[in-house]
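Visitor: Take a look and give me a structure for this.
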Amino acid sequence: MRSEEEALLPALASPVLTPSSLPPEEKRRRLVELVVHSVPSPTSQRVYRMGVEQFFDWWGASAAGEAFSRSLMQRYRVSLEARALAPRTINLRLAAVRKLAEEAAVQEWLPAAKVSEIRSVKGAKVLGTRAGNWLTRAQAEKLLSLPDIETLKGKRDRALLALFVSAGLRREELATLLRDQMQQRNGRWCLVDLVGKGGRVRTVAIPDWTQQAVALWLEAMPIKEGPVLGKVNKGGRFVGAGMSAPSIYAVVVEYAELLGVEFRPHDLRRTYGKLAHKGGAKIEQIQLSYGHASLTTTERYLGIEQDLEDAPCDHLGLTTV
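Guide: Numbering: from 1, shown residues only. Have a look, this model is predicted:
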């Protein structure tokens, strides 16, 4: 006789999963969508979708018929480790499966007790903290000079890179940035009502040179409303409004190769904070511009470490009593 969890949430090869009228493909699709829509961030949605889909593929190929349980989760973790994936990648994949268990329990497709067991499976141990890359001021200036603004693509790429370097945006935020979000506040240009992780809304000021780069591109665009960015084909012609996050990634990689420095879009986000901090910007203001919930996250982005040789107490200006 099959166990309770096998009846509620079997492997893909099994024909039973409430609601029982759904075919296996539809059951899988519904579970994936439940997980994806349980998180607000587009980035998290993309990562969770990929993680759950890959887990289902592995489950169906390697453990068809086995119940969704702690032992299955452990086997999946071992399979990820056997592929020599990075610890952070493994942990992201496992996080997606934990979320799958939670959503299955909400639908009463999995006993709540099994969720606790599945969640108890530990992730891969992460040694150290990934610092990421930062561009120097000279490298950032060189990067911004690389696009040929005599061409349509060059105008677009200059605007794209300027927004990364001077506003510290995430790829998804840049992909969804609209024209009417560029407004003047307190006598200067800003990007208003940016929605970041956790649904946090913020406004970020941009320098005049970024506004001018964006204005040059927008003036050349045939479409006068909607997304700030747009598609330009290999022939240099405008072919549509908006750009996807992967397309933005590809543009940044292209200019990283031209610059001869290895970096990715998120490294430009780090560069924004690093250069601002070196220039005297207050870390609390950088945190607000980033949209970070925790100051610790901002400190990690900036690579800040405690200086015990020149500590804050050395600058109190007090004398001993």
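Visitor: helix, strand or coil for Glu225?
Guide: The assignment at Glu225 comes out as coil when based on DSSP: H, G, I helix; E, B strand; the rest coil.
Visitor: Quick check: it touching Arg179?
Guide: Yes. Here Glu225 lies in contact with Arg179, judged by C-beta atoms under 8 Å, at a distance of 6.1 Å. Heads up, the C-betas are built off the backbone N, CA and C, glycines and all.
Visitor: Checking my notes, Arg156 in a helix, right?
Guide: Yes. Arg156: assigned to a helix according to three-state DSSP.
Visitor: quick one: contacts for it?
Guide: Arg156 sits next to Pro147, Trp217, Leu229, Gly230, Val232 when contact means C-beta atoms under 8 Å, 6 or more residues apart in numbering.
Visitor: Now whichever helix or strand Gln212 is part of: buried residues?
Guide: According to DSSP states H and E, Gln212 maps onto helix 208-220. Taking 16 or more other C-beta atoms under 10 Å as the neighbour-count basis, helix 208-220 is seen to contain the buried residues Thr210, Gln211, Ala213, Val214, Trp217, Leu218, Ala220.
Visitor: Could you dump these into TSV and include distance to Leu194 and pLDDT?
Guide: Listed next are the buried residues of helix 208-220 as TSV, based on distance: C-beta to C-beta, whole Å; pLDDT from 0 to 100:
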residue	distance to Leu194	pLDDT
Thr210	14	94
Gln211	16	95
Ala213	18	96
Val214	15	96
Trp217	19	96
Leu218	18	96
Ala220	24	94
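Visitor: list the buried ones in stretch 166-185?
Guide: Counting neighbours by 16+ other C-beta under 10 Å, the buried set in stretch 166-185 is 166-177, 179, 181-182.
Visitor: which helices and strands sit right next to the strand ranked longest in the chain?
Guide: As far as residue count goes, and with DSSP state E defining each element, the longest strand of the chain is strand 188-195. Helices and strands in packing contact with strand 188-195 are listed as strand 182-185, strand 201-205, helix 208-220; criterion 3 or more C-beta pairs under 8 Å, 6 or more residues apart in numbering; DSSP states H and E.
Visitor: of all the ones you listed, which lies closest to Arg83?
Guide: With respect to Arg83, and counting by C-beta to C-beta, the nearest of the helices and strands packed on strand 188-195 is strand 201-205 at 37.8 Å.
Visitor: one step back: show residues contacting the longest strand of the chain.
Guide: For strand 188-195, the external contacting residues (C-beta under 8 Å, 6+ apart) are 163, 167, 169, 173, 177, 181-185, 201-208, 210-211, 291.
Visitor: Now the residue minimising distance to the centre of the chain: which helix or strand?
Guide: Computing the C-alpha centroid of the chain and ranking residues by C-alpha atoms, centre = their mean puts Thr43 first, at 4.4 Å. Thr43 is located in helix 42-62, with elements delineated by DSSP H and E.
Visitor: ok now that helix, how far from the chain's centre?
Guide: Relative to its chain's centre, helix 42-62 lies at 16 Å (C-alpha atoms, centre = their mean, to the nearest Å).
Visitor: Repeat that for stretch 53-63.
Guide: If you compare the mean C-alpha spot of stretch 53-63 with that of the full chain, they lie 25 Å apart, counting by C-alpha atoms, centre = their mean.
Visitor: Report the rounded mean pLDDT for that stretch.
Guide: Confidence over stretch 53-63, taken as the mean pLDDT, stands at 88.
Visitor: re the thing from before, which ones among the buried residues of stretch 166-185 map onto strands?
Guide: Met182.
Visitor: tell me which of the buried residues of stretch 166-185 is nearest to Val252?
Guide: Each of these was scored against Val252 by C-beta to C-beta, and Arg171 proved nearest at 8.5 Å.
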